[in-house]
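Colleague: Give me a model of this one.
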Amino acid sequence: MQYILGVSAFYHDAAVALLDSEGTVVFASHEERFSRIKHDPGFPILALCYLKEKYELSPDNIDAVVFYEKPISKFIRNVESVLSESPLSYPFFSGFTNSIAKAEHGFSSEIEDFLKEVWPKSGWKNKIKFSKHHLSHAASAFFNSPYKEAAILTVDGVGETQTASIMHGDGNKITELYSMEYPNSIGILYSAITAFCGMKPNSGEYKLMGLAPFGEPKYLKIMEQQLVKIDHENLEITINKKIVNPNDQSKKTLRKLSELFEASPATSDKLEIVHADIAASMQVLLNKIMEILALKAKKLTNSNNLVMAGGVALNCVSNSHVATRSNLFDAVWVFPAAGDAGCALGAAQAYYYAKNSNLPIKRKWFSPYLGRSFSSKEIKSQLDASGAIYRDYSKNKKEATKKIAAILKSNGAGGVFIGSSEFGPRALGARSIIGLASDETAQVRLNLKTKFRESYRPFAPILFETDLKKYFNLEEYCSIPLEYMLFTAPLIEKIRIEESSKNKKVKNFGERISGKRSTLPAITHVDYSARIQTIVKDYPQEIIDFFNFLKKDVGEDVFINTSFNVRGEPIVDKPSDAFSAFMRTDLNFLYIDGFFLLKSEQKATREAFDIVFEED
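Modeller: Numbers count the residues shown, from 1 in each chain. Sure thing, here's the model as predicted:
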């Protein structure tokens, strides 16, 4: 069997993907799942070592290694940025030269050297290929979508020079039609506001999205007047570089934003209502911008289908706005690994279909469950090595779910580890922490005592597709796939509980979130929305069976699903990761493919597993 490797690295969220000779996706995973360094940007050596052993990979059966962007184009853009903004760009220049000194720019010779760490004394130069960054995003969105033809919208911080692009996918061909160019970047603007609200850029953008419903868009007019120019006639977006300039020092940008908003930047321990108002304003502005770009995509392609990728496409709220309020497309699909990690797969696919331009694409449901899985023997070995006390129900998994159901009924929670890990930033039932959506204390409790993160952060619900309409208003969602946790939807009026006017005035977000807003309080955000994940018939059977058994044993339809990790840690990927995370939290149980562990039965101490991760 011959293979094609896709690689992303050197910025954030390094990843690898593996295609076989028929274009089938064999494997895809983030390097962070192996290294345990969140958003690990380094060349994915550990993931490649795993693939080398798992699939007996060698230079003989690898046709190409495709890097997710063109480093020379990126290098030229960086040099031009440095020269055009000098001397203001000196800090940027310093970081740029450091990346070259570390051989972390993606040049062919650098990639070859890293590959030789996995396959020593092997010649790779003629096999190393490059894909444009936004083409990699576009390919990941289009080739994995259910559509034979679609408009493709990619929005992120920056690729080589592009910050947003519109392409058209037809059959196995992608045609570029439009692009926004650096430093004009919607993604960088959103990241700047993320930093102003005390969150880490390229990491905390989803937290800004979660903060927005606590505020009012009081700064929207200022943003539209001072930060962004929207040309409705020509459907063009222009960011004010005098305020948000990616070549400036971050402190300078924060100072300019502070003057604009007449407010101080937040810190992680000092988040005020003004920052929620700024977040709310930024979210409304993003919705408007994405709708403009979607309209442009419609006009340029005249397609009835829209697919999206790029880091901005991980914003569930703007995705939902485009899909339900623009009335432009019959169907909208977002690639689950929409960030740079997904470019590893897109780069490999772009190369494959360019090389095999006459081959038809076999359209099927895209499975995000592309990472590592473990046999019962391997699970047992890792648990034994960790000193875990467990019961083996691998041959009778229903018994394990009965015990889990009893714990959940008592408002307990636990970690779930089923089959292959997910590709992308969202846990989708394979590496998840679960609880009951009806548990009134779960949101604050799990955030503070399990995830060790901000108490205001919302949890997602997981439920079967057949139960959706019992709880959510989905009148406008008929052609939107909800199984990847990439869209939000409102709860039906029947199960909502009106928040008191007194509670709405509470300035502490953690106190406000503790108020009951529906019969499913653990997954209901303050705006009565939820980031939905539905279990569909295409899911791995072991996930379907697990939640089916649980649903019957508990007698409830909706469960909490949040990623199985603590703050600053990547999602767990192997059994020993899961046990370590289990031991340093207050989770009541751990389930690993039929192996059941109770916290109360463990002899190991929590202190033995304490790890300090960098805050996200």
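Colleague: does Y471 really touch V558, like I thought?
Modeller: Yes: Y471 lies in contact with V558 (CB atoms under 8 Å); the separation is 6.3 Å. For the C-beta atoms, the positions are set from N, CA and C on the backbone; glycine is no exception.
Colleague: Now do the shared contacts for these two.
Modeller: Common contact partners of Y471 and V558 (CB atoms under 8 Å, 6 or more residues apart in numbering): 461, 463, 520.
Colleague: Mind checking which of these land in strands?
Modeller: The strands, defined by DSSP state E, take in 461, 463 from the shared contacts of Y471 and V558.
Colleague: Kindly present the shared contacts of Y471 and V558 as a markdown table, with separate columns for pLDDT, neighbour count and distance to F589.
Modeller: Output for those, formatted as a markdown table (pLDDT from 0 to 100; neighbours: other CB atoms under 10 Å; distance: CB to CB, whole Å):
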| residue | pLDDT | neighbour count | distance to F589 |
| --- | --- | --- | --- |
| P461 | 98 | 27 | 20 |
| L463 | 98 | 26 | 20 |
| L520 | 97 | 25 | 22 |
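Colleague: can I get the shared contacts of Y471 and V558 in TSV with distance to L295?
Modeller: Formatted as TSV, the shared contacts of Y471 and V558 follow (distance: CB to CB, whole Å):
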residue	distance to L295
P461	31
L463	33
L520	35
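Colleague: just the helices in the stretch 501-616 of the chain please.
Modeller: Applying DSSP state H, counting those that start in this stretch to the stretch 501-616 of the chain gives helices spanning 501-504, 509-513, 541-554, 575-583.
Colleague: Dump those helices to JSON lines, plus mean pLDDT, mean neighbour count and distance to Y351.
Modeller: Below are these laid out as JSON lines (pLDDT from 0 to 100; neighbours: other CB atoms under 10 Å; distance: least, CB to CB, whole Å):
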{"stretch": "helix 501-504", "mean pLDDT": "64", "mean neighbour count": "10", "distance to Y351": "53"}
{"stretch": "helix 509-513", "mean pLDDT": "71", "mean neighbour count": "18", "distance to Y351": "46"}
{"stretch": "helix 541-554", "mean pLDDT": "97", "mean neighbour count": "18", "distance to Y351": "31"}
{"stretch": "helix 575-583", "mean pLDDT": "97", "mean neighbour count": "24", "distance to Y351": "32"}
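Colleague: Now distance to Y393 too, for those helices, in JSON lines please.
Modeller: JSON lines is the format used below for those (distance: least, CB to CB, whole Å):
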{"stretch": "helix 501-504", "distance to Y393": "43"}
{"stretch": "helix 509-513", "distance to Y393": "36"}
{"stretch": "helix 541-554", "distance to Y393": "11"}
{"stretch": "helix 575-583", "distance to Y393": "15"}
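Colleague: List just the one of the ones you listed that sits closest to F107.
Modeller: helix 575-583 (33.2 Å; CB to CB).
Colleague: Distance from the chain centre to that closest one, please.
Modeller: 22 Å (CA atoms, centre = their mean, to the nearest Å).
Colleague: Kindly report the same for stretch 362-372.
Modeller: Between the centre of stretch 362-372 and the centre of its host chain there is 16 Å, according to CA atoms, centre = their mean.
Colleague: gap between the two ends of that stretch?
Modeller: 24 Å (CA to CA, to the nearest Å).
Colleague: hey, where'd the helices end up in the stretch 101-250 of the chain?
Modeller: Taking DSSP H, counting those that start in this stretch, the helices of the stretch 101-250 of the chain run over residues 108-118, 133-143, 186-196, 205-211, 220-222, 250-261.
Colleague: nearest to Q533, of those?
Modeller: Short answer: helix 205-211, nearest of the helices of the stretch 101-250 of the chain by CB to CB, at 14.6 Å.
Colleague: contact partners of that closest one?
Modeller: Against helix 205-211 from outside (CB under 8 Å, 6+ apart): 190-191, 193-194, 197, 199, 271, 275-276, 279, 282-283, 311, 314-317, 425, 454, 456-458, 509, 525.
Colleague: Could you give me the ChimeraX syntax to select whichever of the residues you listed are buried?
Modeller: For the buried members of these, the matching ChimeraX selection, counting by 16 or more other CB atoms under 10 Å, is:
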select :190,191,193,194,197,199,271,275,276,279,282,283,311,314,315,316,317,425,454,456,457,458,509,525
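Colleague: related to what we said a few turns ago, quick one: closest of the helices of the stretch 501-616 of the chain to F214.
Modeller: Checking the helices of the stretch 501-616 of the chain against F214 by CB to CB gives helix 509-513 as the closest, at 5.5 Å.
Colleague: gap between the closest one and the chain center?
Modeller: For helix 509-513, the distance to the chain centre is 25 Å (CA atoms, centre = their mean).
Colleague: And stretch 142-158, by the same measure?
Modeller: With CA atoms, centre = their mean, you get 16 Å for stretch 142-158.
Colleague: swap in stretch 427-443?
Modeller: Computed by CA atoms, centre = their mean, the chain-centroid distance of stretch 427-443 equals 18 Å.
Colleague: Helix, strand, or coil at K494?
Modeller: helix (DSSP: H, G, I helix; E, B strand; the rest coil).
Colleague: Grab the nearest non-local neighbour of N561.
Modeller: Leaving aside its sequence neighbours, N561 sits nearest to I462 (CB to CB, 6 or more residues apart in numbering; 3.8 Å).
Colleague: The residue nearest the centre of the chain: what's it in contact with?
Modeller: By CA atoms, centre = their mean, the chain has its centre lying nearest to P425, at 3.1 Å. Residues near P425 by CB under 8 Å, 6+ apart: 206, 314, 337, 339, 341.
Colleague: Can you lay out those residues as CSV showing secondary structure and distance to S500?
Modeller: Shown next, in CSV, are these (DSSP: H, G, I helix; E, B strand; the rest coil; distance: CB to CB, whole Å):
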residue, secondary structure, distance to S500
Y206, helix, 28
L314, helix, 33
A337, coil, 40
G339, coil, 38
A341, coil, 42
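Colleague: I'd guessed T524 sits against I492; true?
Modeller: No: T524 lies out of contact with I492 (CB under 8 Å); the separation is 11.3 Å.
Colleague: Distance across stretch 420-437, terminal residue to terminal residue?
Modeller: Termini of stretch 420-437 sit 25 Å apart (CA to CA).
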